[in-house]
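Below is the sequence, then the predicted model.
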Amino acid sequence: MADFRSDSPTSGSLFSPEEIRRLMAAEFDRTVRFGTPMALLEIAVDRLGYLHDLYGEESKFEILNQINELLRSSTRSSDLLGVPMGDRIVAAVTHIERPYAEALAQRLISGTRGLAFDADGRQLRITASIGLAHSESGFDTFAEMVAAADAARRSAIDAGGDRFELFVASAPAEAPPAPTPAPELTTMPGGDMLLNETLRRALAGEGPTDLAQDLLKRVMDEVEERYSSASSDGRTELLERRVAKLGDMLERTETQLRGVLAGSGESGVASVYREVQGLGAEDSGVEQKRDLLKAIFDANLRMQRMTDGEGQAPPSQES
Amino acid sequence: MSDKNKDHGVLYLGIDLGTSRTSVSASNGERETVSSFVGYPKDVVARKLLGTDVLYGDHALEKRLSLNLFRPLSKGVIHTGEEDSDDNMRAAGDLIGEIIRRAKPRKDELVYAVIGAPAEASFTNKEAILKAAREHVDSVMLCSEPFAVAYGLDYLDDVLVIDIGAGTVDLCRMHGTMPEETDQLTLTSGGDFVDAAFTERLQKTCKGATFSTRMVKEAKERFGSVADSMEPAVVHFPVNGKPTSFDVTEDLREACRLIIPPIVEGLGKLIGSFDPEFQDRLKNRVLLAGGGSQIRGLDTAIETHMHEQLGGGKVQRIEEPMYGGANGALKIAHDMPADYWEQLK
Ligand SMILES: Nc1ncnc2c1ncn2[C@@H]1O[C@H](COP(=O)(O)OP(=O)(O)OP(=O)(O)O)[C@@H](O)[C@H]1O
């Protein structure tokens, strides 16, 4: 997880905060696709601005870093992605059911109380407020989930801090009136037909007044859905080709390995790349790579000739 | 190397030959790095005590008092034509041999290696590297180190690589074809330069303290940052034998920041002399690699300077700064058609 003391808090991390945010969003998408649970926590230290003014920036970093540590030690690190966002920490924990996420948040609250922080020889009491959003609430986008965690954190602070709040989606009754027809429309079997029918009715001036708006959205969703499934078809094909190629390689590799094992009895892993090497047609930029490889080869060949005494002067463009 | 009895396969190696560190990534999955030091026992007694003719890496550094120690590639090149150039050449050859051994080639396989050499290594230098390598492998090719980094990441077009090593900072512009001389720029303001600048400042700040180059380098690697707000760099240096702590945050930041202006100036040159239509694209595809790229906040700081001086820019730090060169060289070796390798045997 990123460090708080640097301007570019990427130290110690392979990823920049933007990349971590992207990874979180990708995790979110995966969660939606596969229905695995995920929690998002937004952690803020209570009265951090005040502590900062009183005890300086370093104390602030110190506290945030300690909480950072606490977070890391309270979760299995592989399930955790954390990133500082201003004075807060946003952490995504995957594969976690809501009750466990709540327990984790509670553990962080208690853990924070237990943090020892000394300022000018005085023991400071540190507390935190955490906003928790869980995928159970059925967010459509990652941005919604972030906003939910943020709202929950604010309500934890409003309630006096030193606590966590779970974001609860407002009950359907409080939600803006559900548009007719029912939301499942396009995902139902024969969805296309229903869509057409709705369209027809809307154009004929039948149906509720907000239908046109709703319809536009639906059509856009549909277009988007089809567009994305079309492009994933292309990817599938590419992946299938790759799988086929790898399967083929594996087979040859295994044959080689069997040969090697049966043969010399020598220890060590044999490289069997002679059989399976080279650029494949499905590699990206294959033409360009071929040209580059040829240029490297030519330069080396020239150099070799030169050193073997065939040439006169050193080449000016050897690689 | 003779290739009799070698028909089982090929071991491909990607080697990054550096001033401070030499790394290899191999197609058998081995990945090794050794600091670029080679030491030979000073005399018969030392030889007997050490029980070997040559020591490498940190091990050599540790035993340096009993050794003639070489860092064969200081400033990114093998020094030739100087007093100890023969010894340096021998050390370079031994170092290459050692890194290849560490990749554990089998007797029955051909070894093909791509070596990433500093972008501006002279012809004599490349020749020397090739000569040393040929003793240990069946076929070898050189390419420029920044090219290897970019190739490894599939950045083939319009990309600028900044490789911050110990001896040098290599800037390399790539635009599809092989980088030419005019696409490359080598600055001597690498990690060693930062260490020297930091040491100079420490001598003033840490009055009465004794410290070694190694301690300075360790402190830099632990705390190095160019950010306005950074973790306080507190070091413990002995004063009259008593460990004493010094806050060297400011000194370190200043020393680290010294490498920014020459880099941005170099970027300006390479961008300014590029096809105007593609200058913006190039500006926004800058890769930051090499051990020195781990200085915190450096990507952002270079970006800020680029914005001020070049009107924009985007810098991306690569994920594995220590293996970027070797991984890329391995990929080149692997992608290279087999008959090219054969022809260079
Ligand atoms: N965490 C770190 N922070 C700052 N600098 C670091 C860090 N780790 C390594 N370095 C520095 O990186 C430099 C080594 O980088 P690298 O290993 O890429 O160089 P090299 O390839 O051996 O050198 P050259 O490219 O000049 O031949 C050294 O100066 C080292 O102190």
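Received the coordinates, thanks.

Do I have it right that B:Gly325 meets B:Tyr151?
No - using Cβ atoms under 8 Å as the test, B:Gly325 is too far from B:Tyr151 to be in contact (10.1 Å). All C-beta atoms are positioned from the backbone trio N, CA, C, and that covers glycine.

So which of these two has more stuff around it?
Set B:Gly325 next to B:Tyr151 and count neighbours by other Cβ atoms under 10 Å in any protein chain shown: B:Gly325 wins out with 37 against 25.

residues touching that one, list them.
Going by Cβ atoms under 8 Å, 6 or more residues apart in numbering or on different chains, B:Gly325 touches B:Gly14, B:Asp16, B:Gly18, B:Ser23, B:Gly116, B:Glu145, B:Ala148, B:Val149, B:Gly152, B:Asp163, B:Ala289, B:Gly290.

go again using 6 Å as the cut-off
Shown in contact with B:Gly325 (Cβ atoms under 6 Å, 6 or more residues apart in numbering or on different chains): B:Asp16, B:Gly116, B:Glu145, B:Ala148, B:Val149.

Ramachandran angles for it?
phi -70, psi -50 (degrees, to the nearest 10).

excluding its backbone neighbours, what's nearest it?
Distances taken as Cβ to Cβ, 6 or more residues apart in numbering or on different chains place B:Asp16 nearest to B:Gly325, at 3.3 Å, with adjacent residues excluded.

do A:His52 as well
Once flanking residues are discounted, A:His52 sits nearest to A:Lys60: 4.4 Å by Cβ to Cβ, 6+ apart.

Burial check on the one you found, number of neighbours?
20.

pLDDT score assigned to it?
With respect to pLDDT, A:Lys60 scores 77.

Give me the next element, helix or strand, following the regular element (helix or strand) spanning it.
Assigned by DSSP states H and E, A:Lys60 belongs to helix A:48-74. Of the helices and strands lying after helix A:48-74 in sequence (DSSP H and E), the nearest is strand A:80-85.

Extract the C-alpha trace of the very next helix or strand once past that following strand and format it as PDB.
The element immediately downstream of strand A:80-85 (helix or strand, assigned by DSSP H and E) is strand A:88-94. Taking C-alpha atoms only, strand A:88-94 is exported to PDB below (Å, rounded to 0.1, in the frame of the first residue of the first chain):
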ATOM      1  CA  ARG A  88      -8.300   9.500   4.000                       C
ATOM      2  CA  ILE A  89      -7.600   5.900   3.100                       C
ATOM      3  CA  VAL A  90      -9.800   4.100   0.700                       C
ATOM      4  CA  ALA A  91      -9.500   0.300   0.800                       C
ATOM      5  CA  ALA A  92     -11.100  -2.300  -1.300                       C
ATOM      6  CA  VAL A  93     -11.400  -5.800   0.200                       C
ATOM      7  CA  THR A  94     -12.500  -8.500  -2.100                       C
END
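
Report the mean per-residue pLDDT for strand A:88-94.
For strand A:88-94, the mean pLDDT works out to 87.

Which elements pack onto the helix or strand following it?
For strand A:88-94, the following helix or strand on the C-terminal side (DSSP H and E) is helix A:98-113. Under the contact criterion of 3 or more Cβ pairs under 6 Å, 6 or more residues apart in numbering or on different chains; DSSP states H and E, helix A:98-113 touches strand A:128-134.

Contacts made by the strand it packs on with the rest, please.
By Cβ under 6 Å, 6+ apart, strand A:128-134 touches A:39-46, A:98, A:101, A:105, A:112, A:145, A:148-150, A:152-153, A:156-157, A:161, A:164-167.

Could you pick out which of the contacts of B:Gly325 are located in helices?
Among the contacts of B:Gly325, the members falling in helices (DSSP state H) are B:Glu145, B:Ala148, B:Val149.

and the second one, what does it touch?
Just to be clear, that refers to B:Ala148. B:Ala148 sits next to B:Gly116, B:Gly325, B:Gly328, B:Ala329 when contact means Cβ under 6 Å, 6+ apart.
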